[in-house]
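Enquirer: Just a sequence and a predicted model for now, questions to come.
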Amino acid sequence: MSNVLSPSRIAAGWLAGLAGLTLLFATGCATDSGGSSKASGQPGPPAKDRLLWSYRNTVLNMRAGRYDQAKAELDETLARLGGIYGPDKAAASARRLFSEESKKTFIGEPYERVMAYYYRGILYWMDGEPDNARACFRTGQLIDSDTENKTYAGDYVLLDYLDGLASVKLAADGADALTRAQSHTRATPLPPYAPKANVLCFIEYGNGPTKHATGEYREQLRFREGYPGARSALVRVAGQAWPAPPYDDLYFQASTRGGRVMDYILAGKAQFKGATDTIGNAAIVSGAALAITQQGRRNSGDEIGAGLMLFGLASKLVSAATTPAADTRCWDNLPGYLSFTALELPPGEHTLAVEFQNAAGSTLRVKTTTFTVTAGRDTVLFFSDR
Amino acid sequence: MNIENYRLNCSLVLAAGLLAGCATGVQNPSGVSVTEMRPDERGFVAGTGVESQDLVRVADKMSRGILGIPQVTRAQGTPRIVLDPVVNETRFPINKDIFLTRIRAQLNSQAAGKVLFLARDKMSALERERDLKRSGQVTTGSDPNVVEFKGADFFLTGKLSSLTTRTTKGVSDYVLYTFQLIDARTSDIIWEGFEEIKKQGLEDAAYR
């Protein structure tokens, strides 16, 4: 029996072998990292998406007035956010050529992490802990400080404004924070602190930014502005009205962060994917040409041609396995704008209405609440147009 | 070229490549069993914020400091202390009263009798009980009309302050813990102790 095989038989054998190997490893790799709750029998989020679900649940709970549940979600979330330092296998895996960025444990982009601290700050203040609320606002501002263009570093208006207000409430000096907040405002001037204000209204409206990917291999993370909704609000109590303008714009915050370190990694992956694909194409075409032209000439040309084809095929497989796509998982029920108003009301029961208005000033929705002001304590209210 | 060797080499290269591509398995698929640790030990889950080992270290130092001051060691009678809430000026939301609770518990357990703490946080319950006694609704072993609630000799309070730096090289958090014992009669700060802890960390590039 001859030991020399024809190039076509070699290629066919290799193709079958490759298909088998790919199937074998694909099956072996299909480990479910999912987190179905076996105890409850309910499907839960995959472990890598747990924070994303917590984020979304937080907003739903806040809007439904289930503040205790929001607190529970956020406490777990913040504990995880505070412990992300050091080596992380899931994150390291996301940096590899053959693993998607979305494999990493989701913690969100800075504007999403900031919102987790912002909501927890509101809840701390509700519980009569303005110093812990201030701690959350400070951490939020710190998270926003890692921007590419330092003009946009730590530029949340409300986080600095509320930091200062909490200090004033704690009999400390909030002037520096107010000055910083004022320097961040682009259009809306901030009201001076009213130390006697005892009703704090945290108001959010509009639709938050979403993520999408662009680029040949979807390797570039981009942000899209939320669809139009409410653009301002008016607070009415006992015949008086207070404006609640948009102090912070989450789309602005998301889109001014600049490039991430991960963007360079994804760009490298995309470059590798493109290069291996091009090399694969070139090798297959030249190998095929060589194999066809040299067939039957009793020299090694046809074998080299077959080898080139196989190399090209392997290169194409490597290219196909390279995953430079950006992670577009997104906290998609965030508001577009954040606002705040502080009122001074006498102790007793009050009814307050918040009118949410569009860009033209037409009222889109009115939310009303009745609450009791207790002497010596701040009453913290939360309103959303959704 | 020998076809069989060529095939073998190619198989090995391909298998290695595919294995490398698959190296994204789940971490600790069986979980990590519960590990009991000492509270003053740095665990494998750590951040740059205030953690149990910091609490233990700070509370230990403050307790020793309080027991060493002459106003306590040479006091005529047993000094009585009231805890005043700690102020948190850091960027870390924490249960700040846990520091005072641990200092009190440590002083009560290790230096019983040298100082006494007044349960001002239970005043409403104590006043209700006294009123029940005064109205004769419950029994009493002494005259309920005599005021026996003790006044404080000292106030113990504290403050947590921090400095944070964030650069591309990571986050650095310095936390200064200061505690004071204040004479309730004169407002003199008769003792002040401090502890400072600095931590640094850098998250994976995938999160930056």
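Expert: Noted; the coordinates are in hand. Residues are numbered from 1 along each chain as shown, chains lettered A, B, ... in the order given.
Enquirer: for A:T369, helix, strand, or coil?
Expert: Under DSSP: H, G, I helix; E, B strand; the rest coil, the three-state class of A:T369 is strand.
Enquirer: Could you report the pLDDT at it?
Expert: The per-residue pLDDT reported for A:T369 equals 96.
Enquirer: buried stuff in the helix or strand where B:L181 lies?
Expert: Using DSSP states H and E, B:L181 sits in strand B:170-183. Counting neighbours by 16 or more other C-beta atoms under 10 Å in any protein chain shown, one finds that the buried residues in strand B:170-183 are B:171-183. All C-beta atoms are positioned from the backbone trio N, CA, C, and that covers glycine.
Enquirer: show me what contacts the residue in chain A that chain B sits nearest to?
Expert: Here chain A gets closest to chain B at one residue, A:Y85, 2.9 Å apart by C-beta to the nearest C-beta. Applying C-beta atoms under 8 Å, 6 or more residues apart in numbering or on different chains to A:Y85 gives the contacts B:A46, B:G47, B:T48, B:G170, B:V171, B:G201, B:L202, B:E203.
Enquirer: Most neighbours among the residues you listed, which one is it?
Expert: B:T48 (23 neighbours; other C-beta atoms under 10 Å in any protein chain shown).
Enquirer: ok, now which ones touch that residue?
Expert: A:G82, A:Y85, B:V171, B:S172, B:D173, B:K199, B:Q200, B:G201.
Enquirer: Tell me which stretches of the stretch 51-200 of chain A form strands.
Expert: Assigned by DSSP state E, counting those that start in this stretch, the stretch 51-200 of chain A shows strands spanning A:199-205.
Enquirer: which parts of it sit against chain B?
Expert: Neighbours of chain B within the stretch 51-200 of chain A, by C-beta under 8 Å from any C-beta of the partner chain: A:78, A:82-99, A:101, A:103-104, A:107, A:120-121, A:124, A:129, A:131-136, A:138-139, A:142, A:145-146, A:170, A:172.
Enquirer: Beta-bridge partners for the residue in chain B that chain A sits nearest to, please?
Expert: Residue of chain B nearest chain A, by C-beta to the nearest C-beta: B:G201 (2.9 Å). Here B:G201 sits in beta bridges with B:V171, going by DSSP bridges.
Enquirer: what's the answer for B:W191, then?
Expert: On the basis of DSSP bridges, B:W191 is bridged to B:L181.
Enquirer: And for residue 205, the neighbour number?
Expert: No chain was given, so I picked chain A. Considering only other C-beta under 10 Å, A:Y205 is surrounded by 26 other residues.
Enquirer: wrong one, I was asking about chain B
Expert: For B:A205, using other C-beta under 10 Å, the count is 15.
Enquirer: residues contacting residue 169?
Expert: You didn't pick a chain, so chain A it is. Taking C-beta under 8 Å, 6+ apart, one finds A:P130, A:P195, A:D378 in contact with A:K169.
Enquirer: Sorry, I should have been clearer: chain B.
Expert: B:K169 makes contacts with B:L202, as judged by C-beta under 8 Å, 6+ apart.
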